[in-house]
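Visitor: Predicted model and sequence below, questions to follow.
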Amino acid sequence: MTSRIPALFDMFGVEYDLVSGWEARTSGTGAFDPRFIIDHHTAPPTPFPLSTIIHGSRWRDIPGPLSQFLVRQSGLIHVVGRLRANHAGQGTWGAYLRAINDEPPRRETSAGTYWNGNYRSYGFEQDHPGDGVAPWPDAQLEATARANAALCWHYGWTANRCIAHGEWTSRKFDPHPISYVMKEIRTEVARLLAGEERKDMSYRRMVNDAWLRIVGTHVTGQSPETAQMRLTRLADELKAGPGGKTPSGGNGRDLASLNLSLERIAAADGLSPEQRTAQRRFHSSYIPAWVDSPGLEPSELLGAGTLGGSGTQINLSLGTVTGTVT
């Protein structure tokens with residue numbers, strides 16, 4: 001039930017929007033302790049109404065949210081919530097055990113009586129008819145895979161934690177056709193988790209960490225440059241380094257230069273020194289949690305810095321921002 005979904009999605013290059021109320025929205029039927037992900041298709045109509053995902057289905061008497069995420073065919077993901085959602089229904093104990101033991105998923109042959117699917121899983125509804133006729137857009141599958149990978153990376157899961165609804169229970173056959181859709185998704189998730197893009201992601205992480213220490217939130221953007229464009233541009237500049245060129249022909253920079261640039265952006269965005277000081281204090285509770293996250297090495301998460309053991313101080317240094325948190 002991570003509140004770091006925006007930072008994780010930024011890091012994995014996911015295009016998303018945050019639906020108003022997403023942090024508190026829940027189906028209201030108990031706790032949420034996710035151990036795996038279930039991927040779905042919505043079925044018609046297409047485009048599927050976001051309001052139905054948020055508020056639920058009246059004709060089936062299922063309250064919302066019906067999933068935490070709705071993936072459009074364009075690749076845009078609506079973040080509906082981060083807590084429990086009514087998407088899984090009953091499944092099998094065997095499917096649950098395969099998932100949490102990182103075993104390869106398979107089509108389920110039993111409807112199952114294990115009712116804890118909503119308690120134990122995130123749900124991704126892909127806006128698609130699933131009729132076996134309409135093609136699956138590459139952008140949609142790529143977005144689902146990247147978002148799945150972001151959550152897997154955060155929790156330390158493998159690609160086998162991403163299962164189809166039809167691999168959870170025989171009552172369902174989505175996302176159809178499972179053999180094609182889930183192969184595409186899991187192959188891409190495994191590739192992302194294997195680190196083929198790890199270096200690029202580490203630069204994105206460093207930019208986000210620098211921005212968080214200065215502003216207290218994930219990278220923001222103002223027209224005509226979106227937040228995603230800003231994050232990508234700054235990460236490319238950092239990766240190119242001083243004297244280098246970015247893929248778009250821009251000039252590279254080092255961490256100190258990046259930090260000064262972010263300070264100027266913060267000032268241009270109208271943040272007062274007092275606001276930035278307060279937000280730095282807020283952010284001091286964020287960094288240690290990231291150090292304990294699986295995936296990137298601590299040095300990649302924090303840029304330049306020295307790390308102590310568990311319970312000790314962590315000394316941070318990134319350009320002109322220096323601080324000590326416990």
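Guide: Sure, I can see it.
Visitor: C-alpha only now, for contacts and for neighbours.
Guide: Noted.
Visitor: got the contact list for the helix or strand harbouring T144?
Guide: For T144, the host element (DSSP states H and E) is helix 138-155. When contacts are defined by C-alpha atoms under 8 Å, 6 or more residues apart in numbering, helix 138-155 is touched by residues 5, 8-9, 11-15, 37, 71-77, 124, 126, 158-159, 161-162, 181, 184-186, 188-190, 192-193, 293-295.
Visitor: Now intersect these with the strands, please.
Guide: 37, 71, 77, 124, 126, 162 (DSSP state E).
Visitor: is it true that the fourth one touches S67?
Guide: Think F124. Yes. Counting by C-alpha atoms under 8 Å, F124 touches S67, with 6.1 Å between them.
Visitor: which one of those two has more residues nearby?
Guide: More neighbours surround S67 than the other of F124 and S67, with 30 against 27 (other C-alpha atoms under 10 Å).
Visitor: so which strand or helix has the more buried one?
Guide: Assigning secondary structure by DSSP H and E places S67 outside every helix and strand.
Visitor: and the gap between Y180 and W136?
Guide: Going from Y180 to W136 by C-alpha to C-alpha, to the nearest Å gives 10 Å.
Visitor: Comparing the two, which residue is more hemmed in?
Guide: W136 (19 against 11).
Visitor: Phi first, then psi, for that one.
Guide: Main-chain torsions, W136, degrees, to the nearest 10: phi -90, psi 120.
Visitor: And the pLDDT for the residue most central in space within the chain?
Guide: Nearest residue to the geometric centre of the chain (C-alpha atoms, centre = their mean): F9, 3.6 Å. Note for F9: predicted pLDDT of 85.
Visitor: rewinding a little: most widely separated two among the ones in strands among the contacts of helix 138-155?
Guide: Put simply, by C-alpha to C-alpha the two of the ones in strands among the contacts of helix 138-155 set farthest apart are I77 and C162, 16.9 Å from each other.
Visitor: The host helix or strand of I265 packs against which elements?
Guide: Secondary structure from DSSP H and E places I265 in helix 255-268. If you count contacts as 3 or more C-alpha pairs under 8 Å, 6 or more residues apart in numbering; DSSP states H and E, helix 255-268 packs onto helix 198-215, helix 227-240, strand 314-318.
Visitor: try it again with 7 Å
Guide: Under the contact criterion of 3 or more C-alpha pairs under 7 Å, 6 or more residues apart in numbering; DSSP states H and E, helix 255-268 touches helix 198-215.
Visitor: which of I77 and C162 has more neighbours?
Guide: C162 (30 against 26).
Visitor: Is that one in contact with R35, as I believe?
Guide: No. At 10.0 Å, C162 does not count as touching R35 under the criterion of C-alpha atoms under 7 Å.
Visitor: what's the burial count for G21?
Guide: G21 has 12 nearby residues by other C-alpha under 10 Å.
Visitor: helix, strand or coil for it?
Guide: Secondary structure state of G21, per DSSP: H, G, I helix; E, B strand; the rest coil, is coil.
Visitor: backbone phi and psi for it, please?
Guide: Main-chain torsions, G21, degrees, to the nearest 10: phi 90, psi 10.
Visitor: just the one 3 residues further on next, same as before
Guide: Reported as degrees, to the nearest 10, the phi and psi values for A24 are phi -100, psi -10.
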